[in-house]
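> let me see the structure of the following:
(chains A, B, C and D)
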There are 2 protein chains.
Amino acid sequence: MARPTIADIADRAGVSKGAVSFALNGRPGVSEATRARILAIAEQMAWRPHSAARALGASRVDSVGLVIARPARTLGVEPFFAHLVSGLQSGLSAHGISLQLLIVEDTEAEIEVYRRWHSEHRVDGVILVDLTVRDPRIDELKALELPAVVIGGRGGKGALPSVWASDRDAMLAVVEYLAALGHRRIAHVAGTPNFQHTQRRMRALRDAAPRLGLLEAPSLTTDFSDAEGAATTRKLLSQAVRPTAIVYDSDVMAVAGLGVAMEMGVPVPGELSIVAFDDSILTQLMHPALTALSRDTFEFGRQAAEVLLEVIAAPGTTINRRTADPVLTVRESTAPPSCPEH
Amino acid sequence: MARPTIADIADRAGVSKGAVSFALNGRPGVSEATRARILAIAEQMAWRPHSAARALGASRVDSVGLVIARPARTLGVEPFFAHLVSGLQSGLSAHGISLQLLIVEDTEAEIEVYRRWHSEHRVDGVILVDLTVRDPRIDELKALELPAVVIGGRGGKGALPSVWASDRDAMLAVVEYLAALGHRRIAHVAGTPNFQHTQRRMRALRDAAPRLGLLEAPSLTTDFSDAEGAATTRKLLSQAVRPTAIVYDSDVMAVAGLGVAMEMGVPVPGELSIVAFDDSILTQLMHPALTALSRDTFEFGRQAAEVLLEVIAAPGTTINRRTADPVLTVRESTAPPSCPEH
DNA sequence: CTGTGGTGATAAACCGGTATAGCTCCTGCA
DNA sequence: TGCAGGAGCTATACCGGTTTATCACCACAG
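Model (predicted):
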């Protein structure tokens, strides 16, 4: 017989459907003896729950969603999402929860997806990435009462649960390392200005500059694309007084920047040090290999999954879990400046 | 009232649940007048079908699955999957079908996922990628009677439906271009030997070599990693008589190979031409930018989605749809050899 | 005037689980 | 001896749709 149901099991065991349901879900209502017998029969018949039936009865679907709003073009180069998804799945599959992944073009479409998922009961909760400054998704999700956890942004008051690492500390680690090498002119090629983490990194740099005695520490925002990363680098290196080090908010932009430096005849790390704010195989393929800030994105995903499951189990709870700080992996693209300013 | 059901609609319209179901699904059994009335009410009440309820009643879940079996480490740099997923979703969402994505470590785990998905009724069908020579997944899926479509491999007799592009023609395009430039010693740094597309590319090169007057045209297999790509390149460039051109089966390996060439002081494209068998932003970030074979992966995904939906609608039909051939994008990494052999 | 067939609807079964009310024992305590 | 209470189980309603059997009604042919 293909695909036995609990009714089949009940028949075989000589008990009622209800008893089988109790036994299979490990809840009281049956004796240990019958429970064992039922479990044995279920095992032997290779019974598996019908996800839709369970969802209908228990009004939960054992599935959570992740929507990534990015133009498909810029996607995929960054291993960030692949690792995040792997981590999420690792955290979810332990509880038999599956992951719905959707890639859309913009935030508007993303919100539309949340509405649809909610009204069709397709997910029990969602994961949010790329939080912006006044993010419209927050209010929407609250209105829908759809459990959610934010990745990468510590929510403020009344905010959604989150899993985050300190962008401030990360930026400090980078810039303190560069300052210790002797750099006094450090530029920051940042990402989109309306992303919260971009803001935090810019602020961290600005705050630390005086203490570290930096002569110059500008942050220039971009759209995260390699094109703007390259253009901004070109602008920086064309100045009369060049920065001796540049920090990039993504590995892709760092690689693009390295290309520009080589093209302009600026030796790396001889006259310019480069640090990428994200690590990946990309940074290691370069010559010179790039010094980069490595995050454990997989672990990030795993923890986000855990937090989301907790929030689903107990709606309303607000957890803000801080994860391990990123570590700076020093490679070949950083060195003391050729002519220290002091 | 939150989330109206068809019973609510039936009440309001003064008809039975059945009538509402008929009206909403566009099937006969109601007059055009009542159908219009019911649709209007449903619209006004913002009714959306409950996915689980529908799945239970209609025994289809409006969801298909994609399992990617790759170590998470190598994933993500290649835009291939991101674009493929986008394309799949584009083709699916037009029909209201959602996509389940799962990343696992190996084929064994992948098959396990298929079994689970099938027994839990979580998907109506699946997409297969990275077909190997005697692929165990084929038999498994046939046994499960789970509709499936293979991406990238034209299935032989009795095989699964597929969407494919000609690896042979692609390889021919590359090697004919190089031969036309004057190259007579062309090496091929191939991927995993048990992948069908690796085999086809190797065969295509071997077959074409005599016709094009190539003196040498070895194919060396790797595991697709940047490490093996680099090592193989090093071996090739250390020979007494070096190849004047190398074709790489992936963009990541091509980039790694370029790094080795630069390190060994072999100018590109001066003394060595490089072609990548896959295009991405990676190839464009390099200096020199890499000549590469570009596939429209998004379109690939879209077509795969279409074919899968057809197969689900009419199980047993075998479609083998050929998509547009990849095109060679010439950039800066290819040129005539410095000292033509003839 | 009667049978016949098709249209437009209804009521009820069904999908495969979960949740709950209630029944039957058995035990323990007054 | 009687009765409360709990353990262990059954029967059944229920979740929100789909599908089938059935029926009322009307037009039309014989």
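
> return the distance of stretch A:326-342 from the chain's centre.
Chain-centre distance of stretch A:326-342: 27 Å, with Cα atoms, centre = their mean, to the nearest Å.

> quickly check: that stretch near chain B or not.
No: residues of stretch A:326-342 contacting chain B under Cβ under 8 Å from any Cβ of the partner chain: none, with a closest distance of 11.8 Å. Placement of C-beta: from N, CA and C, glycine included.

> any buried residues in that stretch, and which?
Buried residues in stretch A:326-342, counting neighbours by 16 or more other Cβ atoms under 10 Å in any protein chain shown, are found at A:P326, A:L328, A:T329, A:R331, A:S333, A:T334, A:A335, A:P337.

> list, one by one, the residues from the stretch 1-150 of chain A near DNA strand D.
When proximity is defined by Cβ under 7 Å from any atom of the strand, the stretch 1-150 of chain A lies next to DNA strand D at A:14-19, A:22, A:28-31, A:33-34, A:56-57, A:59.

> give me the residue from the stretch 101-250 of chain A nearest DNA strand C.
Checking the stretch 101-250 of chain A residue by residue against DNA strand C with Cβ to the nearest atom of the strand singles out A:H121 as nearest, at 12.8 Å.

> ok, back up a step: among the residues of the stretch 1-150 of chain A next to DNA strand D, which are located in helices?
With helices taken from DSSP state H, the overlap with these comprises A:K17, A:G18, A:A19, A:F22, A:A33, A:T34, A:L56, A:G57.

> pick the one among the residues of the stretch 1-150 of chain A next to DNA strand D closest to A:F277.
When those are ranked by distance to A:F277 (Cβ to Cβ), A:S59 comes first, at 42.4 Å.

> just the buried ones from the residues of the stretch 1-150 of chain A next to DNA strand D?
Buried by 16+ other Cβ under 10 Å: A:V15, A:A19, A:F22, A:V30, A:T34, A:L56, out of these.

> export those to CSV and tack on pLDDT and distance to B:A40?
Output for these, formatted as CSV (pLDDT from 0 to 100; distance: Cβ to Cβ, whole Å):
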residue, pLDDT, distance to B:A40
A:V15, 93, 49
A:A19, 94, 46
A:F22, 93, 45
A:V30, 90, 50
A:T34, 92, 53
A:L56, 90, 27
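
> ok, which pair from the residues you listed is furthest apart?
A:T34 and A:L56 (25.9 Å).

> low-confidence ranges in the stretch 1-150 of chain A?
Residues of the stretch 1-150 of chain A meeting the criterion pLDDT under 70: A:1-2, A:72-78.

> strands of that one, residue ranges please.
Taking DSSP state E, counting those that start in this stretch to define them, one finds strands in the stretch 1-150 of chain A at A:63-69, A:98-104, A:125-128, A:148-151.

> can you list contacts of the first one?
Same thing as strand A:63-69. Here strand A:63-69 makes contact (Cβ atoms under 8 Å, 6 or more residues apart in numbering or on different chains) with A:75, A:81, A:85, A:88, A:92, A:97-107, A:109-110, A:113-114, A:117, A:122-127, A:129-130, A:305, A:308, A:312.

> so what's A:L56 up against?
Residues touching A:L56, when contacts are defined by Cβ under 8 Å, 6+ apart, comprise B:H50, B:A52, B:A53, B:L56.

> let's go with 10 Å and repeat that
With Cβ atoms under 10 Å, 6 or more residues apart in numbering or on different chains as the criterion, the residues that contact A:L56 are A:H50, A:H121, B:H50, B:S51, B:A52, B:A53, B:R54, B:A55, B:L56, B:G57.

> B:H121 versus the closest residue to it other than its chain neighbours, what's the distance?
Computed as Cβ to Cβ, 6 or more residues apart in numbering or on different chains, the closest residue to A:L56 that is not its neighbour in sequence is B:A52, at 4.5 Å. B:A52 sits at a distance of 10 Å from B:H121 (criterion: Cβ to Cβ, to the nearest Å).

> overlap in contacts of these two?
Among the neighbours of B:A52, those also in contact with B:H121 (Cβ under 10 Å, 6+ apart) are A:H50, A:S51, A:A52, A:A53, A:R54, B:V61.

> circling back: in TSV: the buried ones among the residues of the stretch 1-150 of chain A next to DNA strand D, plus distance to DNA strand C.
Listed next are these as TSV, based on distance: Cβ to the nearest atom of the strand, whole Å:
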residue	distance to DNA strand C
A:V15	11
A:A19	8
A:F22	7
A:V30	11
A:T34	14
A:L56	4
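
> one step back: biggest separation within the ones in helices among the residues of the stretch 1-150 of chain A next to DNA strand D, which pair?
Most distant of those, by Cβ to Cβ, are A:A33 and A:L56, 30.7 Å apart.

> A:T317 reaches A:L309, doesn't it?
No: between A:T317 and A:L309 there is no contact, the gap being 11.4 Å when judged by Cβ atoms under 10 Å.

> okay, those two: which has more neighbours?
Relative neighbour count places A:L309 above the other of A:T317 and A:L309, with 20 against 12, counting by other Cβ atoms under 10 Å in any protein chain shown.

> and the helices in chain A?
Read by DSSP H, chain A holds these helices, from start to end of the chain: A:6-13, A:17-24, A:32-44, A:51-58, A:79-93, A:107-119, A:136-144, A:167-181, A:196-211, A:226-238, A:251-263, A:281-285, A:297-313.

> re earlier: thinking the residue nearest to A:L56 is in contact with A:D124, fair?
No: with contacts counted by Cβ under 10 Å, B:A52 stays clear of A:D124, the gap being 11.6 Å.

> overlap of the contact sets of those two?
Common contact partners of B:A52 and A:D124 (Cβ under 10 Å, 6+ apart): A:A55, A:S59, A:R60, A:V61.

> buried only: go through these for me.
Neighbour counting by 16+ other Cβ under 10 Å classes A:A55, A:R60, A:V61 among those as buried.

> how about whichever residue of the stretch 151-300 of chain A sits closest to DNA strand D, what does it touch?
Taking Cβ to the nearest atom of the strand as the measure, the stretch 151-300 of chain A has A:L160 as its residue closest to DNA strand D, at 25.8 Å. If a contact means Cβ under 10 Å, 6+ apart, then A:L160 has A:128, A:131, A:135, A:137-138, A:141-142, A:147-150, A:153, A:311, A:318-320 as its contacts.
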